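S.K.: got a sequence here, can you model it:
(one chain, ligands or ions: 1)
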Amino acid sequence: MTSAHRLDGIPPTIFTTMSALAVQTGAVNLGQGFPDGDGPASLLAAADQALHGGANQYAPGPGVPVLRQAIARHQQRHYGVDLDPDTQVVVTTGCTEGIAASLLGLVNDGDEVVVLEPYYDSYTAMIQIAGGVRRPVTLRAPDFRPDVDELRAAVGPRTRFVLLNSPHNPTGTVLTRDELQAVADVAIEHDLVVITDEVYEHLTFDHEHVPISTLPGMFERTLTLSSAGKSYSVTGWKVGWATGPAHLVSALLAAKQWLTFTSGAPLQPAVAHALDHEPAWPRTLARDLQARRDLLCDGLAALGLDVRRPEGTYFALTDISALGWKDGMEFCLALPERAGVVAIPTQPFHDSDAGDQVVRWAFCKEASVIEEALRRLGSVDLRR
Ligand code: GLN
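M.R.: Sure, this is the predicted structure:
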């Protein structure tokens with residue numbers, strides 16, 4: 001007799017598959033979202049100093065105090081949130097561990113989690129591994145905005161959580177204050193905890209990022225996750241954090257201690273240095289990214305693709321049906337051979353068919369790389 005395993009039905013992450021395909025075929029990789037520029041020089045120098053200064057043994061479980069204090073100052077500086085760095089801040093190994101540890105620490109078997117579809121792939125995997133059940137609220141083309149009635153309909157008697165993501169990967173939607181208020185109203189009415197992934201908090205384009213924890217009545221029920229990876233272009237460092245009321249932060253820590261135990265020691269003082277001394281760097285990156293967003297979106301539109309210009313993140317979505325394709329996965333698997341470019345199909349981020357013809361392209365690459373990808377795409381027949 002076979003029994004169900006907690007990983008049953010969870011496919012391998014599409015990002016690894018597509019990056020491997022890019023390496024194998026020599027394609028330009030506009031798939032996995034990692035920048036090809038480095039973080040600020042002072043951040044790299046601070047890491048160097050920590051590595052050579054003996055900061056190489058286990059960090060305290062919740063993170064080194066200087067980083068927890070710098071994270072608290074960051075939340076105060078940007079959002080006016082006051083945090084006790086000892087009880088309301090925990091350092092995680094990237095936001096991905098923050099997602100895993102919060103779900104493992106909080107979700108009971110059968111608890112329902114309302115989550116925006118398309119969902120970043122680790123959300124669905126970790127909800128399932130934690131024993132939870134996902135309840136999607138779908139962001140649909142062409143606007144990719146949440147519908148309040150659909151949100152209300154997704155909440156039932158077993159719903160305990162909302163797993164939110166704004167700025168949203170892969171749609172690039174930045175939830176407005178009104179949309180966040182609608183989520184907050186539902187959360188308060190049904191006594192839900194909100195876990196919110198805000199890793200693209202500083203990468204917005206003429207759109208204000210509002211942390212849902214700052215809305216009235218929300219701090220006590222919100223666990224906010226972020227990281228240095230996106231804000232400071234160090235995705236490989238895997239330094240993230242969770243902030244919120246002590247009871248939620250300690251639930252996350254209770255699970256985190258059995259996952260990574262503690263996060264990488266020498267990178268933590270370096271990130272603290274960047275948060276304190278390079279506070280404007282992420283906004284400068286966002287301004288620079290905005291130009292590359294426009295370069296990519298204008299180029300894809302010129303190729304006959306229906307493009308959604310994102311409000312935040314470093315991803316743009318296109319509908320490929322105008323080129324005669326019905327299946328984004330088929331399109332993305334054919335693209336490296338056909339054009340020498342890798343993009344990400346969004347089917348793996350959906351239960352519904354809303355993503356079947358939607359493909360994601362990353363623009364966190366040098367302008368010359370984006371131009372080369374566009375040149376390659378323009379030199380072949382992209383129709384099915
Ligand atoms: N967050 C990045 C993306 O969406 C990559 C993360 C990953 O590879 N797991 O592309």
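S.K.: how long is stretch 27-37 end to end?
M.R.: 19 Å (Cα to Cα, to the nearest Å).
S.K.: contacting residues around it?
M.R.: With Cβ atoms under 8 Å, 6 or more residues apart in numbering as the test, stretch 27-37 has contacts from 15-16, 18-19, 21-22, 169, 233, 235-236, 296, 313-315, 332, 335-336, 339-344, 360-366, 369-370, 372-373, 376. Glycine gets a C-beta too; all of them are placed from N, C-alpha and C.
S.K.: quick check, it touching the ligand?
M.R.: Yes. Using Cβ under 6 Å from any ligand atom, stretch 27-37 comes into contact with the ligand via 32-33.
S.K.: can you give me the buried ones in that stretch?
M.R.: 27-35 (16 or more other Cβ atoms under 10 Å).
S.K.: same check, this time on stretch 14-27
M.R.: Quick answer for stretch 14-27 (16+ other Cβ under 10 Å): 14-15, 17-19, 21-22, 27.
S.K.: give me the average confidence score over that stretch.
M.R.: The pLDDT scores in stretch 14-27 average 95.
S.K.: do the same with stretch 320-328
M.R.: Averaging pLDDT along stretch 320-328 yields 94.
S.K.: returning to what we had before: from the contacts of stretch 27-37, which ones fall inside strands?
M.R.: Among the contacts of stretch 27-37, the members found in strands (DSSP state E) are 315, 341-342, 344, 360-362.
S.K.: need the max-distance pair from these.
M.R.: Between any two of these, the greatest separation by Cβ to Cβ is 14.7 Å, found for Phe315 and Val341.
S.K.: this structure: strands as residue ranges?
M.R.: Under DSSP E, the chain gives strands at 28-29, 89-92, 112-117, 133-138, 159-165, 193-197, 222-227, 240-243, 306-308, 315-319, 341-342, 344-345, 358-362.
S.K.: tell me the angle the third one makes with strand 133-138.
M.R.: When you say that, I think you mean strand 112-117. Angle of strand 112-117 versus strand 133-138, following axes from the mean of the first three to the mean of the last three Cα atoms, to 10 degrees, is 30 degrees.
S.K.: in terms of secondary structure, what does strand 112-117 contact?
M.R.: On a contact count with 3 or more Cβ pairs under 8 Å, 6 or more residues apart in numbering; DSSP states H and E, strand 112-117 meets helix 121-129, strand 133-138, strand 159-165.
S.K.: run through who's touching stretch 146-153.
M.R.: 114, 116, 137-139, 175, 179, 182-183, 186.
S.K.: need the residues you listed in TSV (columns: pLDDT, neighbour count and distance to the ligand).
M.R.: Output for the contacts of stretch 146-153, formatted as TSV (pLDDT from 0 to 100; neighbours: other Cβ atoms under 10 Å; distance: Cβ to the nearest ligand atom, whole Å):
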residue	pLDDT	neighbour count	distance to the ligand
Val114	98	26	21
Leu116	98	25	14
Val137	98	21	20
Thr138	98	18	19
Leu139	98	21	15
Leu175	98	26	18
Glu179	98	19	22
Ala182	98	18	26
Val183	98	25	22
Val186	98	19	27
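S.K.: contacts only, for Ala125.
M.R.: 7, 10.
S.K.: contacting residues for the nearest residue to Gln57 once chain neighbours are set aside?
M.R.: Spatial nearest neighbour of Gln57, excluding adjacent residues (Cβ to Cβ, 6 or more residues apart in numbering): Ala265 at 6.4 Å. Contacts of Ala265 were listed using Cβ under 8 Å, 6+ apart, and they are 50, 55-59, 64.
S.K.: dump the residues you listed to JSON lines, plus distance to the ligand.
M.R.: Listed next are the contacts of Ala265 as JSON lines, based on distance: Cβ to the nearest ligand atom, whole Å:
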{"residue": "Ala50", "distance to the ligand": "25"}
{"residue": "Ala55", "distance to the ligand": "27"}
{"residue": "Asn56", "distance to the ligand": "26"}
{"residue": "Gln57", "distance to the ligand": "28"}
{"residue": "Tyr58", "distance to the ligand": "25"}
{"residue": "Ala59", "distance to the ligand": "23"}
{"residue": "Val64", "distance to the ligand": "25"}
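S.K.: what two of those are the furthest from one another?
M.R.: Farthest pair in those, by Cβ to Cβ: Ala50 and Tyr58, 14.0 Å.
S.K.: between the two, which has more neighbouring residues?
M.R.: The residue with more neighbours, out of Ala50 and Tyr58, is Ala50; 21 against 9, by other Cβ atoms under 10 Å.
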